[in-house]
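Chemist: let me see the structure of the following:
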Amino acid sequence: MTTLTAAAPPARKDATLIGLVGTAHLISHFSQLLLAPLFPWLKDDFNASYAELGLLMTIFFVVSCIVQTLSGFVVDRVGPRPVLFVGLSLLGLAAFGFAASHSYLSLALFSVLAGVGNGVFHPVDYTLLNHKVHPSRLGHAFSVHGITGSLGWALAPAMLVPLTIAYGWRVALMWAGVLAFVVMAFLWLNRAQLALDLVPVKKAESSAPPAEGSLDFLKIPAVWMCFAFFFLFAMSLSGVQAFAPEAARLLHNVPVSAAAACLTIYMVCSAAGMLTGGFLVADPSRCERIIGAGFGVAATVALTIGFVDIPALAVPVLFGVMGFGAGIAGPSRDLIVKRASPPNATGRVYGVVYSGLDIGQAIAPLLFGTLMDWQRPSLVWLGIAIVQGVLIVNAFNVRKVRRTNLVVQAAG
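Modeler: From the prediction side, this is the model:
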């Protein structure tokens, strides 16, 4: 791995790689929201409950979790580039499959396929960024990576809902498939930038501490604390993505068009927050404080929407404030994983830690969907706020565990 004392490569080279990885990451997040913005139409066409629609997301993320954990080992063995192209291909095929579905079972089967495709991205992305981007630019790399993910989430409803209104949800999903294959073609043309020679990487890391066995990294407490952090983060995010706009609409009589825009506003503002967070995290010692401030703001907004009588037009604004607060924490979130991970197990660690995202996003839709079926939208917002509060505590616990490990290693 490049060290801090090594000469930094040209900024343009790093920027190109960051842009390519970010583009792939955008498609991953875009594909996570292929169905959620279309729930109002799918609910009628498939005669499904909110909980049943939430189950489709659960299937997607359970499969993604399993694949993400396993793909980390594959990436460490064969390299990230071939794994990336397989993932993009499966996401494109799944989108076309959704468009052709005529039964709930068919939607469920293609949710499995989409979950397999989605599961490869974090091990691929972070292996490329950690090994090919100079450490002095990693904060910005993580920031851009998070921004592109948020833009992918923002693009999904912004693209799919208007297309559905104009031409139907099947046409909208067909265009989603086209987009995935267009991006894959673009990355293929730039595939040389995505190559990673594993031989020098392994030689450079042969003197790295711990994790010499393929599973030794699982003994590191900080890795599991990071896993818990991502699990909680995903539960909060999934609540916002799947049901928060509808819950806010029911609570405050928000117009349908404004409610549909809330998620896009949240994600765009989250991207802006991540850009800000990339500069703030230039000092790694700030990570936990940045996370605490960002999610503190987000939790306060969630409680406000859930339990305060506010004007309908204020709801989209509050979604934006909440998104900005959560976004600021993004680069710090990624950096605490890097600081807690052995350098010679990049793909494996990120595969396991980020599987917490998939597990959280698998469980949350069932919980929040059930609350919606019970006609308790305010409890959706309470749940989001509680999870965001626990996130703050967890971030400081990661720091505590990491510092304890350093003291033990120094004493040994």
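
Chemist: from G360, how far out is F295?
Modeler: Using C-beta to C-beta, to the nearest Å, F295 is found at 14 Å from G360. No exception for glycine: its C-beta is placed from N, CA and C like everyone else's.

Chemist: more crowded one of those two?
Modeler: Neighbour comparison, F295 and G360: the larger count goes to F295, with 30 against 24 (by other C-beta atoms under 10 Å).

Chemist: residues in contact with the more buried one?
Modeler: Applying C-beta atoms under 8 Å, 6 or more residues apart in numbering to F295 gives the contacts 325-326, 329, 388-389, 391-392.

Chemist: tell me the SS of it?
Modeler: helix (DSSP: H, G, I helix; E, B strand; the rest coil).

Chemist: and it, how far from G323?
Modeler: 12 Å.

Chemist: and for N397?
Modeler: In terms of C-beta to C-beta, N397 sits 25 Å off from G323.

Chemist: between the two, tell me which one has more neighbours.
Modeler: Taking neighbours as other C-beta under 10 Å, N397 and G323 compare with G323 leading, 29 against 16.

Chemist: which elements pack onto the strand or helix carrying that one?
Modeler: Taking DSSP states H and E as the definition, G323 sits inside helix 314-340. Here helix 314-340 touches helix 138-167, helix 221-242, helix 244-252, helix 256-280, helix 287-307, helix 346-373, helix 377-411, going by 3 or more C-beta pairs under 8 Å, 6 or more residues apart in numbering; DSSP states H and E.

Chemist: reformat the ones you listed as JSON lines; add distance to G117.
Modeler: As requested, these are exported to JSON lines (distance: least, C-beta to C-beta, whole Å):
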{"stretch": "helix 138-167", "distance to G117": "14"}
{"stretch": "helix 221-242", "distance to G117": "18"}
{"stretch": "helix 244-252", "distance to G117": "26"}
{"stretch": "helix 256-280", "distance to G117": "21"}
{"stretch": "helix 287-307", "distance to G117": "29"}
{"stretch": "helix 346-373", "distance to G117": "13"}
{"stretch": "helix 377-411", "distance to G117": "27"}
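
Chemist: can you redo those helices as TSV with mean pLDDT and distance to F121?
Modeler: TSV is the format used below for the helices and strands packed on helix 314-340 (pLDDT from 0 to 100; distance: least, C-beta to C-beta, whole Å):
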stretch	mean pLDDT	distance to F121
helix 138-167	88	9
helix 221-242	85	14
helix 244-252	93	24
helix 256-280	86	17
helix 287-307	93	22
helix 346-373	82	9
helix 377-411	74	22
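
Chemist: circling back: how about the helix holding G323: buried residues?
Modeler: By 16 or more other C-beta atoms under 10 Å, the buried positions in helix 314-340 come out as 315-316, 318-338, 340.

Chemist: can you give me how far stretch 117-136 is from the chain middle?
Modeler: 13 Å (C-alpha atoms, centre = their mean, to the nearest Å).

Chemist: do stretch 225-236 as well
Modeler: On C-alpha atoms, centre = their mean, the centre of stretch 225-236 falls 11 Å from that of its chain.
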